[in-house]
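In: Here is the input, now give the coordinates:
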Amino acid sequence: MQWKGPFRVVAGIGDTDYRVELRDKSKVFHVNLLKKYYRREVTEAEGVTHESTASVLEVVCVSVIEPELDDGVSDPRDGQFGTGEVCTPHAQAQETVENVHIDPRLTSDQATEIKLLLSEFKDVLTDVPGATTLEVHDIKLTCNDPIRSRPYPLPHALRGTVRDEVRKMLELGVIEESHSPYASPVVLVKKKDGSVRFCVDFRKLNQITIFDSEPIT
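Out: Below is the predicted model:
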């Protein structure tokens, strides 16, 4: 998922939806898929005058999950839009309960009580994503024909990276073994720091997925 824009909001629809002008057409987006666009300040020495914040409040960036193309390739016009990296969760804990700062004004007994409480729930007090058994998300499709996509060619030097990522996600419970007839290819995206982000190309599956426009609650 990436951000594209800026685009102009042309109308509000109800309390949570907005119609946004995209190139030569318009489309309705839920507010959760929009964020305000802040124009970069340019000095007068560069030949551009300043604009007030109020003048760009109606301009937003749109969260794009899938390019609206049928040929399965990236849109060649994407270079004309600014993109921002979407943050992803850590696969390994960056902080633990040991990093919690306890107010020194507390008494010794109070501090000990808090430490015991933190230790008791240390499995959930972490920045590593977990899983719940209380609710299951159903992906509703427009047809029952399984989507089977061939794997993309993978450089031999990166096959070990894929194996390690799959092993980590299995250990974390983020993924589980499946014998589903559906198959989507793995994509490795190089990040700015030189590391690799493990992604899956679900564009074909998204094309037959019924969009849930309900707000997050």
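In: Would you tell me which helix is longest in this structure?
Out: If you go by DSSP state H, the chain has its longest helix at helix 156-172.
In: Can you give the strand pairings for the helix or strand following that one, parallel or anti for each?
Out: Counting by DSSP states H and E, the next helix or strand C-terminal to helix 156-172 is strand 186-190. Here strand 186-190 has these sheet partners by DSSP bridges: strand 196-200 (antiparallel).
In: pLDDT weak spots in this protein?
Out: For the chain, the stretches with pLDDT under 70 are 1-2, 39-92, 214-217.
In: Spell out the residue ranges of the strands in it.
Out: Counting by DSSP state E, the chain has strands at residues 2-13, 17-22, 25-30, 34-36, 59-64, 186-190, 196-200.
In: quick one, which of the ones you listed is nearest to T161?
Out: T161 sits nearest to strand 196-200 of all the strands of the chain, at 5.6 Å, using Cβ to Cβ. Glycine gets a C-beta too; all of them are placed from N, C-alpha and C.
In: List the beta-bridge partners for C199.
Out: Under the criterion used (DSSP bridges), C199 bridges to V187.
In: circling back: what's the longest helix of the chain in contact with?
Out: A91, Q92, V128, P129, L154, I175, E176, E177, V186, L188, V196, F198 (Cβ atoms under 8 Å, 6 or more residues apart in numbering).
In: and if we set it to 10 Å?
Out: 89, 91-92, 128-131, 154-155, 174-177, 186, 188, 190, 195-198 (Cβ atoms under 10 Å, 6 or more residues apart in numbering).
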